[in-house]
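S.K.: Structure of the sequence below:
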Amino acid sequence: MTSTTQLKTLDKPSNPTMPNTNINPKKMTSSERLVKKSTRMGYNQLYLNYMQNPKVVRDLYPTTSAESVAKSIDSHSYDREALSELLLKQNRIYKAKPKALENIQRLAEPDSLVVFAGQQAGLFGGPLLGFYKAIWAVKRAAELSEKLNRPVIPMFWIAADDHDFEEINHTYTFDVLGEPVQRSYYRVENEGQPAYELKFTDEQLFEELKTSLVDSLGQTDFTEDLLSRLFDAYHTGTDFVTAFGKFFTDAMPDIGLVIFSPGDTDFKRLGGTFFQQTLDKHAELKTALKNANSDILEAGYHLQVQKEESACHLFLLDPDRKAIHTDGEAYRIGEKTYTREQLQTLTQNESARFSPDVLTRPVLAASMFPVVEQGGGPSEVAYFAQLWRLFEIYETPVPLFSGRVSVTLVEKRFEKLMRKHDLNFIDFCGDIEQVINIALGKSFPDNLEERFAKLKDSVKSDFNELSEQVIAFDKTLAANSGQILGKIEHAISVFEKKTFASHKRKMADERAALYRAGNSLFPRHGLQERTLSVVYYLSRYGYAIMDYIDKSVELDTANHQLLFLSEIDN
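M.R.: Sure, this is the predicted structure:
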């Protein structure tokens with residue numbers, strides 16, 4: 001379903017039936033929009049060097065180009081017809097929009113390529129970063145298509161095989177005080193199964209979740225439409241992956257993104273050979289990873305993914321999803337032991353029970369699809385340094401790898417607050433109390449603060465002059481002199497702090513507003529995109545905000561991007 005709702009700022013009411021025609025963001029200066037990434041914002045150093053100073057880490061990553069990857073892909077074969085049919089089947093279930101269906105048809109063309117991004121099937125679409133990954137994939141595919149003069153299809157890999165239920169069973173919105181609060185569906189019957197097997201079956205629990213979410217969003221011009229569409233995707237009886245796919249597809253503009261779930265039995269059947277190879281190549285994989293890990297550690301970075309040397313980098317449903325380990329002879333899966341022959345037979349006859357781990361998943365994608373480039377965030381960039389040599393073991397083209405865009409949405413009320421107190425984005429990534437002290441300190445009466453400073457200087461000067469005269473005739477009073485001055489200065493400082501505290505109490509509303517801003521910009525002491533749900537923004541601005549984000553995000557920067565929602569014309 002496409003959006004027919006005009007984007008709204010908080011200060012102006014809008015008619016939800018009006019067509020979406022005025023999403024033309026005003027140009028902000030680079031200094032306002034772009035923020036240099038740093039460890040203070042929660043980024044790891046390997047990622048920062050990869051994005052900002054790639055020469056420093058060039059020995060840890062492959063050197064390649066889009067042209068060379070495309071050429072390598074042309075020498076490999078892919079079951080494009082089967083993949084197109086599979087994608088068509090899935091995306092019809094997700095109610096894909098026209099451009100996505102057109103792109104699926106293009107995958108069947110022999111010269112087509114794929115750009116991949118992906119994310120777990122988080123509740124209600126997961127955190128915002130999933131949508132930013134998708135937008136990055138679409139924009140990057142368009143750039144490569146123009147550069148290479150061939151079709152490049154943006155695809156989004158739902159991590160449907162993941163079995164960490166606690167990673168996907170919740171989302172975050174705000175309570176009435178502006179505090180981020182977790183909304184969760186905390187119980188399933190078959191925890192330990194992959195996400196595509198986890199269903200919303202407890203009607204009472206789901207209704208409690210719905211009520212909690214509805215209450216947190218309040219009533220706006222857009223909530224009725226949002227809730228209708230959200231709960232058309234999420235309802236009892238459906239699974240996490242299907243619900244995610246439907247809602248994600250509905251929320252994204254019609255820009256050609258193709259959604260893919262690897263949990264599909266037909267895909268598992270196509271991947272049977274890959275699973276067999278992974279079992280056979282355990283020793284080679286172990287050596288490659290050991291060498292890569294050694295290089296990373298010697299370069300002074302930490303390992304993003306740590307695996308036991310016995311790990312086979314595959315999981316088997318037995319009946320829960322369990323990692324496969326081997327000592328080189330026998331294979332251990334939970335409490336059970338298998339021979340190589342038994343597992344090879346399973347890969348041939350029951351391939352739907354197998355799935356890759358985090359290190360072999362990108363290799364599986366490139367083995368099955370003509371992947372020219374993959375993208376991800378700080379964690380993916382870090383573990384790509386560990387895994388890229390694995391592509392060579394499978395004789396699979398090593399794709400380009402890029403860091404996705406990172407974004408923070410700044411609502412108009414918080415932008416005004418930042419400008420009022422001369423605060424910048426980075427100020428909010430630390431202790432919010434320090435931000436409040438800075439902001440309220442700047443609003444402290446200038447003359448009063450100046451008078452305190454003059455008083456301290458005057459008292460110190462007069463006291464020192466007097467002390468010199470006293471000590472001139474009795475040197476034994478020197479120690480007492482220093483102590484007395486310290487007590488006087490301390491008393492003045494205490495009085496000043498009490499005066500400031502009184503002012504702070506009188507600024508309670510401003511303090512609350514700054515807390516709300518901090519919770520919006522850096523919720524739970526981390527970047528907004530890693531925590532907050534898109535549902536909150538859809539409820540306040542309508543689905544057209546996704547068009548705005550798509551049009552505003554830039555690819556040609558390694559910086560964190562601020563999107564000011566005041567930029568939107570109404």
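S.K.: Give me the contacts around the helix or strand of the chain with the lowest mean pLDDT.
M.R.: Ranked by mean pLDDT, DSSP states H and E, the weakest helix or strand in the chain is helix 30-33, scoring a mean of 77. Contacts of helix 30-33 with the rest of the structure, by CB atoms under 8 Å, 6 or more residues apart in numbering, involve 561-564. In this view, the C-beta of every residue, glycine as well, is placed from N, C-alpha and C.
S.K.: any chance of those in TSV, plus pLDDT, secondary structure and neighbour count?
M.R.: Listed next are the contacts of helix 30-33 as TSV, based on pLDDT from 0 to 100; DSSP: H, G, I helix; E, B strand; the rest coil; neighbours: other CB atoms under 10 Å:
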residue	pLDDT	secondary structure	neighbour count
Gln561	97	strand	18
Leu562	97	strand	19
Leu563	97	strand	19
Phe564	95	strand	20
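S.K.: Which residues belonging to the least confident helix or strand of the chain are considered buried?
M.R.: Arg33 (16 or more other CB atoms under 10 Å).
S.K.: If we only consider the contacts of helix 30-33, which is nearest to Thr171?
M.R.: Nearest to Thr171 out of these is Leu563 (CB to CB; 20.4 Å).
S.K.: what about stretch 134-146, average pLDDT?
M.R.: Average pLDDT, stretch 134-146: 98.
S.K.: With just CA atoms, put it into PDB.
M.R.: Provided in PDB are the C-alpha atoms of stretch 134-146 (Å, rounded to 0.1, in the frame of the first residue of the first chain):
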ATOM      1  CA  ALA A 134      17.400  -0.800   3.000                       C
ATOM      2  CA  ILE A 135      17.600   2.700   1.700                       C
ATOM      3  CA  TRP A 136      21.400   2.400   1.500                       C
ATOM      4  CA  ALA A 137      21.000  -0.700  -0.600                       C
ATOM      5  CA  VAL A 138      18.500   1.000  -3.000                       C
ATOM      6  CA  LYS A 139      20.700   4.000  -3.500                       C
ATOM      7  CA  ARG A 140      23.900   2.000  -3.900                       C
ATOM      8  CA  ALA A 141      22.300  -0.300  -6.400                       C
ATOM      9  CA  ALA A 142      21.200   2.700  -8.500                       C
ATOM     10  CA  GLU A 143      24.800   4.100  -8.400                       C
ATOM     11  CA  LEU A 144      26.300   0.800  -9.400                       C
ATOM     12  CA  SER A 145      23.800   0.300 -12.200                       C
ATOM     13  CA  GLU A 146      24.700   3.600 -13.700                       C
END
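S.K.: Spatially nearest residue to the residue nearest to the spatial centre of the chain, not counting backbone neighbours?
M.R.: When the chain is reduced to its mean C-alpha position, the nearest residue by CA atoms, centre = their mean turns out to be Leu129, at 3.4 Å. In space, and not counting its chain neighbours, Leu129 is closest to Glu529: 4.1 Å by CB to CB, 6 or more residues apart in numbering.
S.K.: pretty sure that neighbour is touching Val405, no?
M.R.: No: between Glu529 and Val405 there is no contact under CB atoms under 8 Å: 9.5 Å.
S.K.: Pull up the overlap in contacts between those two.
M.R.: Tyr132.
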